[in-house]
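Peer 1: The following comprises the amino acid sequence and a computationally predicted model.
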Amino acid sequence: MAKQHLVWDDFRLVKIIAEANGLAGAAERLGVNHSTVFRRLGQMEDSLGVKLFERHRTGYVLTPAGEEMTALAEHMEENVATFTRKLAGQAVAPTGELRVTTNDTLLVHMLTPLFNRFLEACPEMRLDVVLANQALNLSKRDADVAIRATDNPPETLVGRRVATIAWAIYGRRQDFPQPVDVLDSPTVFQRPWVALGDNLSTLKAARYVRDRVPHEQIAYKVNTVLGLAEAVEVGLGIGPLPCFIADAKPNLVRLSDVNPDFSAGLWLLTHPDLRQSARVRAFMDFMATEIGRHKKWIEGSGARAP
């Protein structure tokens, strides 16, 4: 097979496989099928004539060639971040208003400081933020960019999955002074639980509580994740929460490991007709870089980056 030129997506794919320790995790982060990642990696290795990973039962381990590709990918990301931060002082700086839709949970606990950094980097820009838990119609220009927690973004939109939002079970710290994994307890479903309202019934965490917790043990339901966190914090019951919210609350304690059955992708989305817009490109590139800095925090494995 003739050798092909490598593109940025090739380097990014190898880096993501290495970070995920395998194809399944990489496919989830990229929002594609496992077979797509398997096929693309095989094509790269065949074309290059070298193995990029050693396949072990415990996961995929980088070969020296794979390590070099991963290092180059990290360097490229750093260069992109540096360029984005310099946009404000360059002639190519974007200008004008951008309408962004997201939900209240992401805005309050994650996005507002990042929006501030974007406006500091691009002072000629203005943001019009529209809160909606339902998807707005980007085809009708209800918004230019959507920042959504979903595993199934609309096929009519384009964008990138920038992180996986981790969830776990949490309770009030004073009710659980000793570390405990409540899911190992035979009485876990005899405790009072809090749950999301019917309008959020499609969320994985909402389905988990609905399918496993007896109805009479659901002491409190609320139709917003923000309200759910407050309910757990005051002691109304235990329940599933996004780790990036609950870990920041000193009165809450994690009562289970991060549960992949609850997780959801965090997506930056726009309409295909808008993806070449300077405003949209600048915003999405900046937000992808900034969210990437906080990925461990969002995915439940570290503190928020400064």
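Peer 2: It's in.
Peer 1: Would you indicate which residues of stretch 221-235 are buried?
Peer 2: Within stretch 221-235, the residues scored as buried using 16 or more other CB atoms under 10 Å are 221-222, 224-225, 227-229, 231-233. Quick note: C-beta positions are derived from backbone N, CA and C, even for glycine.
Peer 1: Tell me the secondary structure of residue 45, please.
Peer 2: The three-state label given to residue 45 by DSSP: H, G, I helix; E, B strand; the rest coil is helix.
Peer 1: got the contact list for it?
Peer 2: Applying CB atoms under 8 Å, 6 or more residues apart in numbering to residue 45 gives the contacts 51-52.
Peer 1: What spatial separation is found between it and residue 19?
Peer 2: Taking CB to CB, to the nearest Å as the measure, residue 45 and residue 19 are separated by 18 Å.
Peer 1: Which pLDDT does the model give the nearest residue to residue 53 once chain neighbours are set aside?
Peer 2: Distances taken as CB to CB, 6 or more residues apart in numbering place residue 60 nearest to residue 53, at 4.3 Å, with adjacent residues excluded. You'll see residue 60 listed with a pLDDT of 91.
Peer 1: Which residue is the nearest non-sequential neighbour of residue 74?
Peer 2: In space, residue 74 is closest to residue 15, 6.8 Å off (CB to CB, 6+ apart).
Peer 1: surely that neighbour meets residue 67?
Peer 2: No. No contact is recorded between residue 15 and residue 67 when judged using CB atoms under 8 Å, the distance being 10.5 Å.
Peer 1: Looking at those two, which is more packed in?
Peer 2: residue 15 (21 against 14; other CB atoms under 10 Å).
Peer 1: How far off centre is whichever helix or strand that one is part of?
Peer 2: Here residue 15 sits within helix 8-20, counting by DSSP states H and E. How far helix 8-20 lies from its chain's middle: 17 Å, per CA atoms, centre = their mean, to the nearest Å.
Peer 1: Equivalent analysis for stretch 15-31, please.
Peer 2: Relative to the mean C-alpha coordinate of its chain, stretch 15-31 is positioned 13 Å out (CA atoms, centre = their mean).
Peer 1: for that stretch, what is the average pLDDT?
Peer 2: Mean predicted confidence for stretch 15-31 is 88.
Peer 1: Please work out which residues outside it touch it.
Peer 2: Stretch 15-31 is touched from outside by 13, 33-34, 36-38, 41, 53, 58-60, 62, 66, 69-70, 73-74, 151, 153, 161, 163-164, 265, 267, with contacts defined as CB under 8 Å, 6+ apart.
Peer 1: Under the pLDDT cut-off, which ranges of the protein? List them.
Peer 2: Applying pLDDT under 70 to the chain flags the ranges 1-4, 81-82, 84-93, 133-141, 303, 305-306.
Peer 1: Let me see the ranges of the strands in the stretch 1-150 of the chain.
Peer 2: Residue ranges of the strands in the stretch 1-150 of the chain, as given by DSSP state E, counting those that start in this stretch, are 53-56, 59-62, 96-102, 125-131, 145-149.
Peer 1: Enumerate the positions of the first one that are buried.
Peer 2: Same thing as strand 53-56. For strand 53-56, burial by neighbour count (16+ other CB under 10 Å) applies to residue 53.
Peer 1: Paired strands for that strand, with orientation please.
Peer 2: strand 59-62 (antiparallel) (DSSP bridges).
Peer 1: again, but for the third one
Peer 2: The strands beside strand 96-102 in its sheet (DSSP bridges) come out as strand 125-131 (parallel), strand 145-149 (parallel).
Peer 1: How far does stretch 49-58 stretch from one end to the other?
Peer 2: Using CA to CA, to the nearest Å, the end-to-end distance of stretch 49-58 comes to 24 Å.
Peer 1: where does it sit relative to the chain's centre, distance-wise?
Peer 2: 27 Å.
Peer 1: Can you give the contact residues for that stretch?
Peer 2: 3, 14, 17-18, 21, 41, 44-45, 60-63, 65-66, 69.
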